Structure formats: C-alpha cells, structure tokens
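Colleague: Sequence and computational prediction follow.
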Amino acid sequence: MNSEKAIEIKVEDHSSVGFQNILSIQIQKDLVGAALFSCRSGTLKVLENTKENDDFGFCQALLRQEIPDIIITNDRDEQLIKVLDKRIPIVEHTPTVVVKPQIEYNTVSGNGRLLAYTAHLVPKQEDTSKRDEANASQWVYSIIGNNCSVSLGSVGALLLYLQTAGIEKNKFSSERKLILKLERLSVLPFLQISFESMQALHIFSDEKHPNMHITSKGKKEGISIFGLLNTTKTPSGKRTLQTWMLRPLQDIDIINYRVKNVQMLLEFNFIEKKLRFYKTLPNIKKIEKSIDSLWMFPSLNDWQTILKIYDNVNEDTLRAIGNIIVKTIDFESSYTEGRTVVKPNISSELDKLNHIYDGLGSFLTEVAQEQSQDIPDYLTETMTVVYFPQLGYLISFDKQKLEQISQQDTVLDTWTKQFTTNEKVYYKNPRMYELDEFLGDIHAHIVDREIEIIQGLKQDVRTHNEYFIELNSYIAEFDCLLAFASAAYENGWKKPLFTDSTDLIIKNGKHPLLEILLGSFIPNSTNLCLPKKLGVGFCMSETDTTSERSIQNLNPRNNSNMMVITGANFSGKSIYAKQVALIVYMSQIGSYVPAESAEIGLVDRIETKIKAIDSLSERQSTFVHDLQQVSLAIRDSTSRSLIILDEFGKGTIHNDGLSLFYALVHYFATLDGERPKTIFTTHLHEVYELAVADGISDLIQWKYMSISGALNEKDYAKENLVFLYKLKEGVSSNSFAFSCALKAGVPIEVIEDAENYKNRMLNSS
Ligand SMILES: Nc1ncnc2c1ncn2[C@@H]1O[C@H](COP(=O)(O)OP(=O)(O)OP(=O)(O)O)[C@@H](O)[C@H]1O
C-alpha cells in the first residue's frame, strides 16, 4: 500500500464516513499511541501510550474491540500497516487503511489541535480570565491522563483527516465543535492502570520503566515488582514478563490459565527441580540467539543448541529438524577441525573430494619418492612433499641440510623457492605446479562445498520459522510462569481466588517490596464488599482512653467497599493502601499474591493518587496533578474499579482541602449501587464528624493504624511510642506529628515551640 493510493480511498469515502469509527494509530519505538473518533456520537477517545510486542497483540485487541471502519496510520511502520490491512478476525470486518506521511503524526501539533478542538468543552470558570490554554490543557489531561505523547501524534493526524475529509462541516454546524465528548480509550481484556499508578506502586523502577523513552542500557533494575518477579532466563521471557506486567488482564480465562500453571509448577515441586530443568535445556538462554543466527552465521554451538531442543522435546516437527541437523553435521570432526564439517553421504561430490583428500598422505609420499630421483642422496632423507590449503603442493627440506649444498651440484636452482621457516625451506617445481593444476586446492573445494551444504541446511531449518517463533513464545511464557512460581515459592505467596462478585477480601496481606526491604512486615486484612443491607452505624466507645476512638463491635455491618484510614504520621497508611492495590494488580497478571488468602472480584481499573515510597521517588505531585487523578477516578470508575487516594486534600489550605476531600467521600458513599471500591488515607479526621452529621458514616469502614505507648499528643516526648502497623476499626484524631518529629531528630526545643504555637492557635479559634 502506498500513500497516494490511500489518499484516493479517503477522497472516495468522504460521503460515507458520516457514521463511522475512525481510528488513528501509530507505534513509536514499541509504544502504541491511538485515538478513536466515533462520527455517530462525536466522541474522541485517546489511549494512554501502551507497550506493544512483536506479535502486535495489543493492536489486534484494540481492532477487535473498536472495529474501526477507517484506520489512519503513518507510512513509517510497514509491519504495522500489514497488521492493520487485514480482515479483523471474529467480526470478519475489513477496515479501510489510510496511510499518511509521518509528518502528520507530530506530538506538538497534535496537542495544539486537540486543545483547539476541545476548547468548547472546557468547563467555564467563574473568573473568565482563567480560561486560558493552561486551564484547557489541565482539563484535557485530567481526562486522558498524562502519558499520551505517542497518542497525541495520532490525535493530530486524526483531526487533520477529519478536517480535510470535511466531516466536521457535514455533520456539525459549527467548525471545531466536532468533538462532543472526550474520553480515555481502554482496551479489553486489559486492566486499566495509569502510568502514574504504576510508578507510585513501583511496578517498574523509575529509571528502567519500559514505557519510558530513556535508554537505560546497563542500568540495573531498581527495587520494583518487576525486579522481584523477574527471574526469567531468556531475553524473550523477560520481554514477555514486561508485557504481562504492563498489561494486567481482566480476562479471567487467561488469568486462570497463568495462575493454574503456576500452581502446577509448585505442586510438581518444579522450583526445586528447576535446576534440573535448566540442565536439561542448558542452553535455554541461547535458544533465541541460536534461532536468530540461522539468518546469519550459525556457529557450531548454535547448531548444538537447536539440536538440544530436539533432543529434549518429543515432537514431530522438532524431530524432523533435529534429524536433518544430525544427518548433516559431523560435530566431532567439526570441533577438532574448527569448522562445520559435513558428514558423508550428503553430497557425492563432497564425498569424492574427501576421498582424494583422505588419500592425499600416501599419494604425496609416492610423489616424494618419485621426485627424490633428481636430488642428491644426503638431501632426500629430509625431503617431503606437503599440501597446504591455499598454498597448494610444496617440496620441503631441512634448512640445516640445505645449507650444506654447494651451488654447482644442486638441481634446486631450477626450482622456485616459496618461503622459509626456522626449520624448513619450501619449493615448488614443475611437478608441484602440475599437482596444483591437477588436484587444485582440494581443501578449499571441500570447505566451499560444505559451506554450500550448510547454507542449504539453514534454508531447510528456516522453513520451520513459524514453528520456531511459536516455540520461542512457549519458552518465553514458560520462563515467565516459572518466574512467577519461583517468586511464590521464595516469598510464600498464595494463589488468589477469583470470584464473579465485585468484592475484595484479603486475609493478612503484605506489601511485597516492603516485606523484603524491612525483613519483617506486619500483615493486614482487607474486606471491601458492597453493603448487603443497611446496618445501624456505630458510635464512639465511652471507655476510649486513647486518641483513637475505638468502634469495635459497634459497626455490625462492616461490609462497605469504602474505607477511610486515619492514623499517625508514619504509621503505615500509605503502605497498606499500596499493598491492596498491588495484591489486586499481581493477581491480575496471573501471579500468586503476598497474602494468606485473597478473594478477588476482577477489577477493571486501578486508579491511584499515592505518594511514591519517599526514598525511591523522584516526583512530587502538585495539587493540580492530584486533582487530575481524582477527576480520572470519578469519571471512569465502575463497581469493578479500585480507587486509592492517599492523603488527598492536603496540598491546599486546610479547610479547602477538607471540604474537597469530604465532598469526594460523600460523592462515593452516596453513589447508587455501582460504586467503586475505594481506600482513602487521611489526616483530615474531621471528615468523620462531617459524615456522622450527614448520616453517611455507616456507609464507610473507618479504620486507623494503631500505635502503642502514647496516649495523646502531649506524650510526644515519651520514648515508648511504638508503631504497630495494625489496622483497627476506628478513627484516629492525632497525627502524633510531634512524636514523629522527635523520633526524626528535631530538637525538643523546636517541638516545644510547636506545641505552644498549636495551643495559641487552638485558643484563638
Ligand atoms: N505493615 C507494616 N509492617 C512494618 N512496617 C511498616 C508497615 N507499614 C509501614 N511500615 C513502615 O512505616 C513506614 C511509613 O509507612 P507509610 O508511609 O505508609 O506511613 P503513613 O502513615 O502513610 O505516613 P504519613 O501519614 O506520614 O504519610 C514505611 O516506610 C515502613 O518502613
């Protein structure tokens, strides 16, 4: 397909594009960027940059889901064009593919066009002076997310296409009001999890995230879930694991397939046997390289590697491939000769040459005897006739003996001296030239013929390329499953159980990275279930002497899928929220999970606003950025979504932050039936009183992270403040910030001052 032809198609189709789905797609490096416009609804959907594999599995899932009528792509990626320019299986629909020049896929102009075409959708601000570009772009990115650089190029090309095809004028009266709705594009069967969420959860270490354009060759994977899981042995296994981790699933069949295979590996005690497995396939790491080498210069080791697969896998195609290799290559002689030697009976011509070459020794002895007739006796005893590949046939004498010859009685003057070594002198005489002519460079002939035969063997083996690709992907998949099984075995993780419900029940869950970093980790459970019936709510315990208000036994239902966690600084709130998200994430890539048990109703998206683990984080969220993430959370969530908001509302004036946070809690708590699972962590404990006042407190699970030793804020100087990291029912009203400050080494005088300021503020309010 060339671009001119494509443009013709586009012009022909103008009149009929009115109610079509138009997809614009490109791949940069290995990231897919796409935008879809529905002419019927006026909706523009934009995809977050998503990693693609050699198999174009993601693109194909996208095509199957959206069934576009027209696909626009750029002329740079021929492979992609081939994939797009096909009938979409299952739905049996063939889209029209329009190839555009690369220049139309520019990110900066795509961004400009998107802002221009969505300007009318940006909510009006009271202060109209604020309706500037920054405001518009904040709004746009709060919808499509921040990781869309490749997709912006696709948006640009799409909008240009719509403009030149005249669609905007046909269907909508006002130019540039073509887009009626802007949305994020998510592709089933994949779980939606944003770039930021992945970063905050340390799925990949920041510096080596495969979604980044930074080349980080040589850098070690930092502390990350990928680093923890990646014990793969093959390069393709590692790539497959990256893809699995970039694209957690919603498809229960694939998830169960992976999880059950991990279970099988563990049950068969495969991990302990894995060393044996790697011995059986010692070159597993090299299989991919060896198969690739068939397109270039396979070494003997490469052939051996391919043969090892054949030796170990009892399968027809492999047996056929192995047979031709075994029949053709003489490995023993190859190793001694240092080249790939072909066995007898493969080529009669080669056999003949070998026959001559093998008999060459005795033949040359005969020639030496015959030539010695013309040589003085005292020289004949050191004379030999030899053959050197490339140099041909030569007569050699001992150098010492030769120096005894007087000029007049030698025939050697008529011979041509070729070269001298420390011990020998080499000549050619007419008979040697005759042998060169008659026998030729026999070794070179043999080698040439062998190269031809090995070339043929390569061709034969390469006809099974499809098979090798499939085999390679099986090996890669197996490598990943083995890595999952290893991680489960090493860390004592358990098999998740998937249910049809939207509930999430985790018994004694742990944060997989923190557990390793800290050595010992306090597990906590989670029970996020939709309320089955309304309960009576709870009240504060009268006997409560601690700053945490215990609500034990007073919340009879305790089956809300909304949780608000309060607690002191550094008491483990964020880690708990992350561990819940990670357990869900890990289960939906098909891994075992760090918990005693986990019942998981499949999640369709994980949305987070979480601070990263401080020491590992390079990014600081701004309040606006937090709001964008919250906006994404509200907009797209379903009852299958999991939303984690960590300390939302703290980046602004206390009362504003509290009001926004409470409004959010209220919004989710009163959402009819289909509300997502939510975990909020906060220091804004006043939210509880507000919820009680509004009568919605019993729609929420109120939890706090317990500590011991300090009964109230004034006890900050006590040495015995201990974080228990145990999640309990109730609300904590103190941050124990002063105690934390003291523990962190802030001088006591400063803390005492702080306490005085606090008292002054309390008295004046
Ligand atoms: N379950 C746990 N077991 C052991 N240690 C833990 C646990 N949870 C957290 N920690 C430790 O406590 C530290 C602080 O945890 P985290 O960041 O979750 O606190 P936080 O309550 O969110 O703090 P802040 O409110 O100040 O943001 C962690 O870095 C870790 O060292």
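Modeller: Looks like it came in fine.
Colleague: can you tell me the distance between the two ends of stretch 335-353?
Modeller: 20 Å (C-alpha to C-alpha, to the nearest Å).
Colleague: Please disregard the earlier target; I meant stretch 103-112.
Modeller: Using C-alpha to C-alpha, the two ends of stretch 103-112 sit 15 Å apart.
Colleague: List the residues that contact the residue in the stretch 451-600 of the chain that the ligand sits nearest to.
Modeller: Minimum separation of the stretch 451-600 of the chain from the ligand (C-beta to the nearest ligand atom) falls at Gly572, amounting to 2.9 Å. All C-beta atoms are positioned from the backbone trio N, CA, C, and that covers glycine. By C-beta atoms under 8 Å, 6 or more residues apart in numbering, the residues touching Gly572 are 522, 705, 723, 725.
Colleague: Asn429 now?
Modeller: With C-beta under 8 Å, 6+ apart, Asn429 has these contacts: 371, 395, 414-416.
Colleague: swap in Leu497?
Modeller: For Leu497, the contact set (C-beta under 8 Å, 6+ apart) comprises 597-600.
Colleague: give me that answer again for 6 Å
Modeller: Glu599 (C-beta atoms under 6 Å, 6 or more residues apart in numbering).
Colleague: burial of the residue nearest to Leu660 when sequence neighbours are not counted, as a residue count?
Modeller: Spatial nearest neighbour of Leu660, excluding adjacent residues (C-beta to C-beta, 6 or more residues apart in numbering): Gly649 at 5.2 Å. The local packing of Gly649 (other C-beta atoms under 10 Å) involves 28 other residues.
Colleague: Let me know whether Gly649 touches Ser659 as I believe.
Modeller: No. Gly649 is beyond contact range of Ser659, at 8.1 Å (criterion: C-beta atoms under 6 Å).
Colleague: how about the residues of the stretch 451-600 of the chain that lie near the ligand?
Modeller: Taking C-beta under 6 Å from any ligand atom as the criterion, the stretch 451-600 of the chain approaches the ligand at residues 514, 518, 521-522, 567, 569-575.
Colleague: re earlier: per-residue confidence for the residue of the stretch 451-600 of the chain closest to the ligand?
Modeller: With respect to pLDDT, Gly572 scores 93.
Colleague: Check Gly166 too.
Modeller: The model's pLDDT for Gly166 equals 67.
Colleague: now do the one 5 residues further on
Modeller: At Lys171 the predicted local confidence, pLDDT, stands at 48.
Colleague: what do you get for Met264?
Modeller: The predicted local confidence for Met264 is 90.
Colleague: Kindly report the same for the one 10 residues further on.
Modeller: In this model, Lys274 is scored at 57, pLDDT.
Colleague: what does this protein put close to the ligand?
Modeller: Residues of the chain found near the ligand (C-beta under 6 Å from any ligand atom) are 514, 518, 521-522, 567, 569-575, 705, 725.
Colleague: Of those residues - the most surrounded one?
Modeller: In the residues of the chain next to the ligand, the most neighbours by other C-beta under 10 Å go to Gly567, 29 neighbours.
Colleague: Looking at strand pairing, list the partners for that one.
Modeller: Met705 (DSSP bridges).
Colleague: give me the residue from the stretch 601-750 of the chain nearest the ligand.
Modeller: Tyr725 (3.5 Å).
Colleague: A strand includes that residue, no?
Modeller: Yes. Counting by DSSP: H, G, I helix; E, B strand; the rest coil, Tyr725 is located in a strand.
Colleague: Look up how far Met586 lies from it.
Modeller: Counting by C-beta to C-beta, to the nearest Å, the gap between Tyr725 and Met586 amounts to 20 Å.
Colleague: Let me see the ranges of the helices in the stretch 101-250 of the chain.
Modeller: Applying DSSP state H, counting those that start in this stretch to the stretch 101-250 of the chain gives helices spanning 107-118, 133-144, 149-164, 167-171, 195-200, 225-229, 235-246.
Colleague: Make a markdown table from these and add mean neighbour count to it.
Modeller: Formatted as a markdown table, those follow (neighbours: other C-beta atoms under 10 Å):
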| stretch | mean neighbour count |
| --- | --- |
| helix 107-118 | 19 |
| helix 133-144 | 17 |
| helix 149-164 | 24 |
| helix 167-171 | 16 |
| helix 195-200 | 23 |
| helix 225-229 | 21 |
| helix 235-246 | 22 |
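Colleague: can you tell me which of these the model trusts least?
Modeller: Across the helices of the stretch 101-250 of the chain, helix 167-171 gives the lowest mean pLDDT, at a mean of 52.
Colleague: okay, and for the stretch 251-400 of the chain, where does confidence drop off?
Modeller: 270-288, 309-314 (pLDDT under 70).
Colleague: just the helices in it please.
Modeller: 252-267, 270-280, 284-293, 300-312, 316-328, 331-337, 348-371, 377-380, 399-402.
Colleague: Contacts for the last one, please.
Modeller: Residues from elsewhere that reach helix 399-402 (C-beta under 6 Å, 6+ apart): 379, 382, 423, 425.
Colleague: my hunch is that the residue nearest to Leu660 is in a strand, does that hold up?
Modeller: No. Per three-state DSSP, Gly649 lies outside any strand segment and is coil.
Colleague: mind listing what it touches?
Modeller: Counting by C-beta under 6 Å, 6+ apart, Gly649 has contacts 657, 660-661, 684.
Colleague: So which of these are in helices?
Modeller: 657, 660-661 (DSSP state H).
Colleague: By neighbours, which of those residues wins?
Modeller: Highest count within those by other C-beta under 10 Å belongs to Phe661, 23 neighbours.
Colleague: quick one, phi psi at the spatially closest residue to that residue that is not a sequence neighbour?
Modeller: In space, and not counting its chain neighbours, Phe661 is closest to Gly649: 3.5 Å by C-beta to C-beta, 6+ apart. As for Gly649, its main-chain torsions (degrees, to the nearest 10) stand at phi 100, psi 0.
Colleague: What count of nearby residues applies to the residue of the stretch 1-150 of the chain found nearest the ligand?
Modeller: Nearest to the ligand, among the residues of the stretch 1-150 of the chain, is Asn146, at 22.9 Å (C-beta to the nearest ligand atom). Counted with other C-beta under 10 Å, the neighbours of Asn146 add up to 15.
Colleague: before we move on, what about Val447?
Modeller: Val447 - counted by other C-beta under 10 Å - has 18 other residues nearby.
Colleague: Contacts only, for Thr118.
Modeller: 140, 179, 182.
Colleague: Sort out which one of those lies nearest Ser24 for me.
Modeller: The nearest member of the contacts of Thr118 to Ser24, counting by C-beta to C-beta, is Ile179 at 13.5 Å.
Colleague: Spatially nearest residue to that closest one, not counting backbone neighbours?
Modeller: Leu44 (4.7 Å).
Colleague: And the next helix or strand past the helix or strand hosting that neighbour?
Modeller: If you go by DSSP states H and E, Leu44 is part of strand 43-47. Using DSSP H and E, the next helix or strand after strand 43-47 towards the C-terminus is strand 50-51.
Colleague: next one: the helix or strand following that following strand to chain centre, how far?
Modeller: Using DSSP H and E, the helix or strand that follows strand 50-51 towards the C-terminus is helix 57-66. The chain centroid and the centroid of helix 57-66 are separated by 18 Å, computed with C-alpha atoms, centre = their mean, to the nearest Å.
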